[in-house]
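Undergrad: structure for the following, please:
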Amino acid sequence: MALIKSVRGIHPKWGNNCYFSENATILGDVILGDNCSVWFNTVIRGDVHSIHIGNNTNIQDGTIIHCTYLNAKTIIGSNVTIGHNVIIHGCTIEDNVLIGMGAIIMDNAIIKSHSIVAAGAVVLEDTIVESQTLYGGLPAKKIKNISNEQINKIETMAQNYIKYTKWYRETE
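TA: Model (predicted):
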């Protein structure tokens, strides 16, 4: 069972049909919507500020989600796929976004809807990633606009992770 713990008297909350792997850690002021999945070795630490996550969002293995004390909370929308070993810190990620493996998103960055942050990208503080674009690099910059086909893949990926959680529930 996942480590789910209160911090300063605030206990994480989540919606219906969420899946938390056995070694995921969810602490403090964290709210997850319906159909979310938090995968192996992921840490969501709402100890110094709040973390709010929408519906149908998957947070893959080894990801760390945190915030900055009294300064930058973390908001993640619905239908978001966060790849393996991502660091998300005190930023806003809108709906229908793909964050590639190993990316880092820093304080007060805003990732607009229907966008992709490439694997390994570093989105610096206060950066705004435009809607319907691909950002990548160090520091992350706009690479190109993305097609409707790529936008559909973002939405499909989020739905796939709802299916994958059913495989793990079958073995419980």
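
Undergrad: most centrally placed residue in the chain?
TA: Ile82 (4.6 Å; C-alpha atoms, centre = their mean).

Undergrad: show me what it is bridged to.
TA: For Ile82, the beta-bridge partners are Ile59, Ile99 (DSSP bridges).

Undergrad: and Gln150, that's in a helix?
TA: Yes - Gln150: assigned to a helix according to DSSP: H, G, I helix; E, B strand; the rest coil.

Undergrad: ok, and the closest non-adjacent residue to it?
TA: Ile116 (6.9 Å; C-beta to C-beta, 6 or more residues apart in numbering). No exception for glycine: its C-beta is placed from N, CA and C like everyone else's.

Undergrad: partner strands of the lengthiest strand in the chain, parallel or antiparallel?
TA: The residue-count maximum for a strand in the chain (DSSP state E) belongs to strand 43-53. The strands beside strand 43-53 in its sheet (DSSP bridges) come out as strand 25-32 (parallel), strand 64-66 (parallel), strand 74-76 (parallel).

Undergrad: hey, which of those is tucked in deepest?
TA: strand 74-76 (a mean of 23; mean count of other C-beta atoms under 10 Å).

Undergrad: now do the same for it: mean pLDDT, whole number.
TA: Model confidence over strand 74-76, given as mean pLDDT, is 98.

Undergrad: repeat for stretch 35-55
TA: In this model, stretch 35-55 has a mean pLDDT of 98.

Undergrad: number of residues surrounding Asn108?
TA: Using other C-beta atoms under 10 Å, Asn108 has 16 neighbouring residues.

Undergrad: same deal with Arg8?
TA: Quick note: Arg8 (other C-beta under 10 Å) scores 9 neighbours.

Undergrad: before we move on, the earlier item: OK, contacts around the residue nearest to Gln150?
TA: When contacts are counted by C-beta atoms under 8 Å, 6 or more residues apart in numbering, Ile116 touches Val97, Leu98, Gly100, Thr133, Leu134, Tyr135, Ile146, Gln150, Ile154.
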